[in-house]
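In: Let me see the structure of the following:
(3 chains)
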Amino acid sequence: MNTTTPAVQVRQLCKNYGSVQALKGVDLSIAAGEYFVLLGPSGGGKTTLLRTIGGFHKPSSGQVWLNGQEVSHLPPDKRPTSMVFQAYALFPHMTVLGNVGYGLSLAKLPKAEVRDKSMAMLEMVGLSGYENRRPHELSGGQQQRVQLARALVLGRNILLLDEPLAALDAQLRKDMCLELKHLQEKVGITFIHVTHNQEEAMTVADRIALIADGELVEQGAARDIYRTPQRRFTASFVGENNLLSGNVTAVEGDTVTVEVCGQPLAVDRRDLPVRAGETVALSIRSELVEMVSADGTAAADGCSLSGTYAESVYLGLTLSHRAALADGTEIVSRVVGESDAPDPAPGTAIRVQWKPGALRLHVN
Amino acid sequence: MDDYANIWLHRAKWAYLLLIVATLMSPVFYVMYISFNENGFGAAQYVFTTRWYGLIFSDGQLMDALRWTLGLAVTTTVLTIPMGLLAAKFYKATRAKVAVVFLLLAPLFVAPDILSAALLVFFKNVNLSFQGLGDLAGVSFMDAWFRLGFTTTVIGLIIYTIPYAFVVILITMGRYNKEQTEAARACGATGWRAFWDIEFPQIRAGVFSASAFTMILCFNEYTRTSLLKGGFDTFTTVLVSQMLNEGMSEQSYAMSSFVSFVAIALIGGIIVFTLLRSEAAARRAQPVAEPNTVPA
Amino acid sequence: MTDATDTGLGGLPPVEPFRPTLRERMSGWAFYIPIVFMVLFFALPMALTVVFSVFERTMFWMEPGFSLLAYENFFFSARLENFLASMGYSLISVAVSFCLGFPIAVFVRKSVPQAAQHRVVLLFILPFMVSEIIRIFALRPVLQRNGLVNETLLNLGLIDEPITALLYTHTGVIIGEVLSFMPFIVFSGFLAMEAVPKYIFEVCDDLGAGPVRRFVDVILPLAAPGIFAGAVFIFVNGLGVALIPNIMGGPGAVNAGLIATQAITALDFPLAMAVSAIMMATLMGLLYVGHKLFDLTKILAPMN
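Out: Numbers count the residues shown, from 1 in each chain, chains lettered A, B, ... in the order given. Got it, this is the predicted structure:
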């Protein structure tokens, strides 16, 4: 395969259900051999996008290109993709081996070859010795492994995973995430994985695309999505960001001054088209916010706000301090590690502050 | 049944339920009882005999009617079941669910005499139109189209049975997970292969039940058949003309009992069979402990 | 779109609409076969009854024309009286069936373990496995003067002389209709009770609502669409099945079905069609009213 051709290209893809627009003109390009995650809230269109790539939905308009070929008109069985479904998609009337070998026997491979390939694939997913069991005799995690084997044994170069871990409990999901990642590195084909769980997405992804409301909101490397969200929605969905809104009072070169609750904040402009007088959104990750006792005077450094303390929430690894700004906006400061110092009393005046550059500007 | 309920009240309700079933079935059982009496209905003395059953099988006209009935039942079933399947699949896929379900279930709400009267006049008119068309074109091969007979009866019976087949198949399909078909497609199966390899084995029980149900309904049907059949006789039309001409004869008791036996045995067999299957399925569905072996 | 997205595709050519291949379209058509069949051989004949009912009657058949004679024959004769009377008796059958059958549906849903519910309801299918004509005819030896019921009651000494009102009377028709159609109220009631979640019973107990309040305030409104469908089924069949008044009824027990069959025997086809059209209008009217009142599409919920 030509490695410069993207494995998946989606152009201006729209999908309508009656008057509901599930996809509103999505453009997307996924490189060969990439572990790509479609992340987003339920009902945002990420599963629709995946299923349209797989051929389970016909696009209302737009095109799907796989390995450099336009495939929009092809049914799933004619596409170079295979798929792992959320759950319950194993054939209950067949054994594990029958499930894994089904695609190969459809391709009219000799029986011995079907068996050998299926057994090898079962070994790869760690299910040697289970080949004669029925799906209902397997645990949820094992069933998903069988699905993986059934999809991978076909030797197609794009694997679609539709919330493959959603039905598993939390601990198993963590283990399976890593396994998926390692498996993808081993087989080297393109994985496209749909999930609404950001931890899952971060664990496995080379790149993440955020899908919400039928649109591709933002895409990029997992780390960039977390650390430098471009859009307000990304900031609200990924990580634990504080969201503020305020009015632009001045734009000077690369620095924008935004007034929040009567206090000016300085934020990097990032070449965004912004004018004085506009209402904009600001975001800052809660672990970058530090809460200190107020000394009575509002700091004018552009990197702090005053508010009143509300409560603390103990989460084990981290401790969240919650405070409210003058207009009622909640702001959270998250700290790692135990502290023996007593929490401020609720209602105490406090100040939240951060390092220059931590605050991010978002325009609509 | 919760822990605080009155156990006797609960039992009384069960008894009532079974009493109603028994009442519904009592005429049939009574007929069966009479059919084995040498002296027939109303006699002071009950003498067991199977003589009346022997008479059925030596009755040439009746055996002929049975053959016609069987032919009708088989033809109708062979046509109704695939149509019920197609309709159920269509219903699952379409968004115009109300229209589809109305069209397929409405025959339940049209009484047999009304529907068959409408069909009778419709077929006669269509037949006359084809004859007229044939006369105009100078050909005669269309003259027999929709003339009352086997075809028109089968059409009437399909309309009668399709709601039942549709509902039974639809309910069975409800337990099937559509993602399995998609998984099969992703494995390279065409739509038809996916249906045949994956879905059909799982809805087979429902399809067979629907087939048996359709057969029995056709066998038992009287009103539609008698109006649409044209020349031949079926089991029920023979039975009814006999009852109307001679009153309830011993032989008609035996005939009624005979078909009732067969039907009850058939459907009873299916119920027992599906119960055993569903019990086995329920046992299989026991949750399996999660971490069996996690591969290294 | 987004400022962070760069697909590198530049200016796109206009997107062509999706076109399925010929084979895909052909296999898609197969799914329309049942629909087409039902439209052609069910909906169309039923609709045409209206047209044929105004045709002119001839000696053995009818010819195109416009005549309201058939309707005149129906509305200005004893037929109308009989039809209206049969409506009354049909309503009684509905009420009796509901009182006898619906509690069973509630009981099965409420007190029978989930896994066994369908099996219990299956018991009520058994009578349908026996031909309707056999079941109706079999009622004669059961109900007649020296039949099963009278003999039993006489032997028990509960009555001194046989009850003759059980057969060849309107009572006989009602008995026949109830015994024939009651299972349908159990089925539809059972389906309707799917709309009543089991926790409702616990909530009612918790709130201290008695059985009557529970039934009137909670079960009835929730199960209304299903109950209505079952009631309409029994009502129209009570009006339309000729066999029951024919076998069980006495003089004057004539319903719409019997009028239609008698008209066909008398070769008065326009009259038969008029009766069919009237029955169809009755059904449509009932379904329309029911739909306005309860939203009948709710019945379909268990099937999705």
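In: residues contacting the residue nearest to the spatial centre of chain C?
Out: Centroid-nearest residue in chain C, with Cα atoms, centre = their mean: C:Phe233, separated by 1.6 Å. Counting by Cβ atoms under 8 Å, 6 or more residues apart in numbering or on different chains, C:Phe233 touches B:Leu108, B:Phe109, C:Phe181, C:Phe184, C:Ser188. For glycine as for every other residue, the C-beta is placed from the backbone atoms N, C-alpha and C.
In: any idea how far the residue positioned nearest the centre of chain B is from C:Val112?
Out: Nearest to the geometric centre of chain B sits B:Thr214, at 2.4 Å (Cα atoms, centre = their mean). Distance of B:Thr214 to C:Val112, computed by Cβ to Cβ, to the nearest Å: 28 Å.
In: Distance check, whichever residue of the stretch 51-200 of chain B sits closest to chain A against A:Phe91.
Out: Nearest residue of the stretch 51-200 of chain B to chain A (Cβ to the nearest Cβ) works out as B:Cys187 at 3.3 Å. Plainly put, B:Cys187 is 10 Å away from A:Phe91 if you go by Cβ to Cβ.
In: quick one: which of these two has more around it?
Out: Taking other Cβ atoms under 10 Å in any protein chain shown, B:Cys187 and A:Phe91 do not tie; B:Cys187 has more neighbours (30 against 22).
In: Report the contact partners of the closest residue to that one other than its chain neighbours.
Out: Closest residue in space to B:Cys187, ignoring its immediate chain neighbours: A:Gly103 at 3.3 Å, by Cβ to Cβ, 6 or more residues apart in numbering or on different chains. With contacts defined as Cβ under 8 Å, 6+ apart, A:Gly103 is in contact with A:Ser82, A:Arg150, A:Val153, A:Leu154, B:Cys187, B:Gly188, B:Ala189.
In: Surely the third one and A:Asp116 touch.
Out: Read that as A:Val153. No - using Cβ atoms under 8 Å, A:Val153 is not in contact with A:Asp116; the gap is 10.5 Å.
In: more crowded one of these two?
Out: Taking other Cβ under 10 Å, A:Val153 and A:Asp116 do not tie; A:Val153 has more neighbours (25 against 14).
In: which of the contacts of C:Phe233 tops the neighbour count?
Out: Most crowded among the contacts of C:Phe233, counting by other Cβ under 10 Å, is C:Ser188 at 25 neighbours.
In: which SSE is it in?
Out: helix C:170-192 (DSSP states H and E).
In: Show me what that helix is packed against.
Out: helix B:7-35, helix C:78-111, helix C:114-122, helix C:132-143, helix C:220-240, helix C:243-248 (3 or more Cβ pairs under 8 Å, 6 or more residues apart in numbering or on different chains; DSSP states H and E).
In: Just the angle for that helix relative to helix C:132-143, thanks.
Out: Orientation check (axes from the mean of the first three to the mean of the last three Cα atoms, to 10 degrees): helix C:170-192 against helix C:132-143 gives 130 degrees.
In: is it fair to say B:Gly40 lies in a helix?
Out: No - B:Gly40: not assigned to a helix; according to DSSP: H, G, I helix; E, B strand; the rest coil it is coil.
In: and for B:Cys187 and A:Phe91, which residues touch both?
Out: With Cβ under 8 Å, 6+ apart, B:Cys187 and A:Phe91 have common neighbours A:Tyr102.
In: part of a strand, is A:Val352?
Out: Yes - under three-state DSSP, A:Val352 falls within a strand.
In: Hmm, B:Ser211 and B:Leu266 touching each other?
Out: No - under the criterion of Cβ under 8 Å, B:Leu266 makes no contact with B:Ser211, lying 10.7 Å away.
In: Between those two, which is the more surrounded one?
Out: Ranked by neighbour count (other Cβ under 10 Å), B:Leu266 and B:Ser211 place B:Ser211 first, with 19 against 16.
In: list the contacts for A:Cys14?
Out: A:Gln21, A:Leu23, A:Lys24, A:Gly25, A:Val26, A:Pro59, A:Ser60, A:Ser61, A:Gly62.
In: try it again with 6 Å
Out: Neighbour list for A:Cys14: A:Leu23, A:Gly25, A:Ser60, A:Ser61, A:Gly62 [criterion: Cβ atoms under 6 Å, 6 or more residues apart in numbering or on different chains].
In: Tell me the pLDDT of it.
Out: Listed pLDDT for A:Cys14 reads 93.
In: ok, what's across the strand from it?
Out: A:Lys24, A:Ser61 (DSSP bridges).
In: now, among the contacts of A:Gly103, which is nearest to B:Lys92?
Out: B:Ala189 (18.3 Å; Cβ to Cβ).
In: which SSE is residue 201 in?
Out: Using chain A here. Per DSSP H and E: helix A:198-204 holds A:Ala201.
In: if you could check chain C rather than the one you did, that'd help
Out: helix C:199-207.
In: Just the buried positions in that helix, please.
Out: For helix C:199-207, the neighbour count (16 or more other Cβ atoms under 10 Å in any protein chain shown) marks C:Ile200, C:Phe201, C:Cys204 as buried.
In: burial count for the spatially closest residue to the second one that is not a sequence neighbour?
Out: Read it as C:Phe201. Closest residue to C:Phe201 apart from its sequence neighbours, by Cβ to Cβ, 6+ apart: C:Lys110 at 5.8 Å. C:Lys110: 18 surrounding residues under other Cβ under 10 Å.
In: Which pLDDT value belongs to residue 271?
Out: In the absence of a named chain, chain A is used. pLDDT, A:Asp271: 85.
In: you looked at the wrong chain, it should be chain C
Out: For C:Leu271, the model assigns a pLDDT of 93.
In: Surely it is in contact with C:Ala263?
Out: Yes - counting by Cβ atoms under 6 Å, C:Leu271 touches C:Ala263, with 4.1 Å between them.
In: And the residue nearest to C:Gly240 when sequence neighbours are not counted, how far from C:Ser77?
Out: With Cβ to Cβ, 6+ apart as the criterion, C:Gly240 has its nearest non-adjacent residue at 2.0 Å, and that residue is B:Ala111. Distance, B:Ala111 to C:Ser77, by Cβ to Cβ: 21 Å.
In: So for those two, which residue has more residues nearby?
Out: Per other Cβ under 10 Å, whichever of B:Ala111 and C:Ser77 has more neighbours is B:Ala111, with 26 against 12.
In: wait, what's in contact with whichever residue of chain C sits closest to chain B?
Out: In chain C, the residue that lies nearest chain B is C:Gly240 (2.0 Å; Cβ to the nearest Cβ). Applying Cβ under 6 Å, 6+ apart, we find C:Gly240 in contact with B:Ala111, B:Asp113, B:Ile114, C:Ala256, C:Gly257, C:Met279.
In: any idea what sits nearest the second one, other than its immediate chain neighbours?
Out: Which is B:Asp113. C:Gly257 (3.5 Å).
In: Please identify which helix or strand holds that neighbour.
Out: Here C:Gly257 is assigned to helix C:256-265, by DSSP H and E.
In: what comes into contact with that helix?
Out: By Cβ under 6 Å, 6+ apart, the list of residues contacting helix C:256-265 reads B:111, B:113, B:117, C:79, C:83, C:239-242, C:245, C:271-272, C:275, C:279.
In: Compute the inter-axis angle for that helix and helix C:220-240.
Out: Using the same axes, to 10 degrees: helix C:256-265 against helix C:220-240 is 30 degrees.
In: Report the buried residues of helix C:256-265.
Out: C:Ala256, C:Gly257, C:Leu258, C:Ile259, C:Ala260, C:Thr261, C:Gln262, C:Ala263, C:Ile264.
In: for whichever helix or strand comes after it, the distance to its chain's centre please.
Out: Using DSSP H and E, the next helix or strand after helix C:256-265 towards the C-terminus is helix C:269-294. Between the centre of helix C:269-294 and the centre of its chain there are 12 Å (Cα atoms, centre = their mean, to the nearest Å).
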